[in-house]
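> Here is my input; please provide its structure:
(one chain, ligands or ions: 1)
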Amino acid sequence: MAIAALEVPGAERLDLRILATDIAVDTLRQAVLGAYPPSRLEPVPKALRERWFERRREPDRAEGEVFVARPELKERIVFRRLNLADPMKGPLDVVFCRNVLIYFDQATRQRLVTAVEPLLRPGGLLCVGHTETLSGIRSGLALERPSVFRRPASAA
Ligand SMILES: C[S@@+](CC[C@H](N)C(=O)[O-])C[C@H]1O[C@@H](n2cnc3c(N)ncnc32)[C@H](O)[C@@H]1O
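This next block holds a predicted model:
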């Protein structure tokens, strides 16, 4: 996400910050390292790989090396442990809550969406996974396109 945003022309003028959360400490630890075996980055175009990652020899690893996210990428991202059932802070421009709703029952999903909606800036977006829906969930969010919901610009 950080790479996609930073590659937009004019992005250097943006105050881009990503709050990356998970409930699982091991998952967060992995994410903070920002180190990927070459096979994981194969789908990333070479130019982007070279701009945003540095290659590091790791003889103990199966593939012998890793690509590590460069500091200018990492510094945009803050990692925090967060249980989505706990209170959260805003305001936020976009919330990506992808492939997590599946873990929750309908009542918890409703509580989560009710909590996230006022944290979004007016006009802000909630993005869920491609296979997820907000069907049966009451909210003031408008469907923008499949999996993407917008808080109305006029929201207080
Ligand atoms: C299937 S993964 C999806 C990860 C990522 N969002 C993606 O789309 O690739 C689901 C993640 O949700 C996390 N998770 C499960 N319950 C959670 C909760 N109550 N609060 C925060 N994260 C949770 C899990 O630890 C796991 O990393």
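> and stretch 87-100, which residues are buried?
Buried residues in stretch 87-100, defined by neighbour count with 16 or more other Cβ atoms under 10 Å: 88, 95, 97, 100. Bear in mind the C-beta positions are built from the backbone N, C-alpha and C, glycine included.
> and the gap between residue 111 and the ligand?
Per Cβ to the nearest ligand atom, to the nearest Å, residue 111 is found 11 Å from the ligand.
> Can you tell me the element that residue falls in?
Here residue 111 sits within helix 106-116, counting by DSSP states H and E.
> Now do the buried residues in that helix.
Neighbour counts over helix 106-116 (16+ other Cβ under 10 Å) mark 109, 110, 112, 113, 116 as buried.
> Mind putting those into JSON lines with pLDDT?
Compiled in JSON lines, the buried residues of helix 106-116 are given as follows (pLDDT from 0 to 100):
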{"residue": "109", "pLDDT": "95"}
{"residue": "110", "pLDDT": "96"}
{"residue": "112", "pLDDT": "96"}
{"residue": "113", "pLDDT": "97"}
{"residue": "116", "pLDDT": "97"}
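> Pick the one among those residues closest to residue 68.
Of all those, residue 68 sits closest to residue 116, with 31.9 Å by Cβ to Cβ.
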